[in-house]
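1. coords below, sequence missing:
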């Protein structure tokens, strides 16, 4: 399972779109494939605006629906903590208990401004990740399509290495 994490406007959805060379995802249909990952199949779960509890219900439903298939899940997640409807604590708790090998792909920089993930939010995030590996992509991409594409290539390379390692262990 891959979880693309970042502040709003970090480019989580754009990254998923570039990875899979499509602009829309239909997770209730069949898994998708892309040439870069050859025979791998993916379910992409992405939402721009969600209430955490409702998003968690959607994620659980989709995982249950596709659990029997050899599918990797890619989920986008806004980095938000605290006592709000959008805080991710319940999602991280679910991922920690899920039994999945979770790879968190943290997009450090915003696409629209020079905002970066604060050290305190990153530390809190890493503290709450009990089951998983955190990868930080700190390339500054502000309003640069080239840099956004370069960061996406870095994300794809990490995903490919993880998938190759998983396939070797079978």
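-> Arrived safely. For clarity, every value in this text was computed on a predicted model and none was experimentally measured. Residues are numbered from 1 along each chain as shown.

2. Tell me how many other residues crowd the nearest residue to residue 132 once chain neighbours are set aside.
-> Using CB to CB, 6 or more residues apart in numbering and skipping the chain neighbours, the partner closest in space to residue 132 is residue 102 (3.5 Å). No exception for glycine: its C-beta is placed from N, CA and C like everyone else's. Residue 102 has 20 neighbours, counted by other CB atoms under 10 Å.

3. who touches residue 102 in this structure?
-> By CB atoms under 8 Å, 6 or more residues apart in numbering, the residues touching residue 102 are 1, 2, 3, 95, 96, 129, 131, 132, 133.

4. Pull out the buried positions in stretch 134-142.
-> Under the neighbour-count criterion of 16 or more other CB atoms under 10 Å, stretch 134-142 has 135, 137, 139, 141 buried.

5. Mind giving me the PyMOL command for buried ones among the contacts of residue 102?
-> The buried residues among the contacts of residue 102 can be selected in PyMOL (16+ other CB under 10 Å) with this line:
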select buried, resi 1+2+3+95+129+132
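
6. Would you reformat the contacts of residue 102 as CSV and include distance to residue 21?
-> Converted to CSV, those look like this (distance: CB to CB, whole Å):
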residue, distance to residue 21
1, 21
2, 16
3, 20
95, 26
96, 31
129, 29
131, 30
132, 26
133, 25
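
7. Among the contacts of residue 102, name the ones in strands.
-> The strands, defined by DSSP state E, take in 2, 3, 133 from those.

8. I'd like those residues as TSV, with pLDDT and distance to residue 65 appended.
-> Formatted as TSV, the ones in strands among the contacts of residue 102 follow (pLDDT from 0 to 100; distance: CB to CB, whole Å):
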residue	pLDDT	distance to residue 65
2	96	18
3	96	18
133	96	26
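
9. And the strands in the protein?
-> Using DSSP E, the strands found in the chain span residues 2-6, 42-45, 72-78, 103-107, 133-137.

10. Residue 36: which of these is closest?
-> For residue 36, the closest of these is strand 42-45, at 10.9 Å, according to CB to CB.
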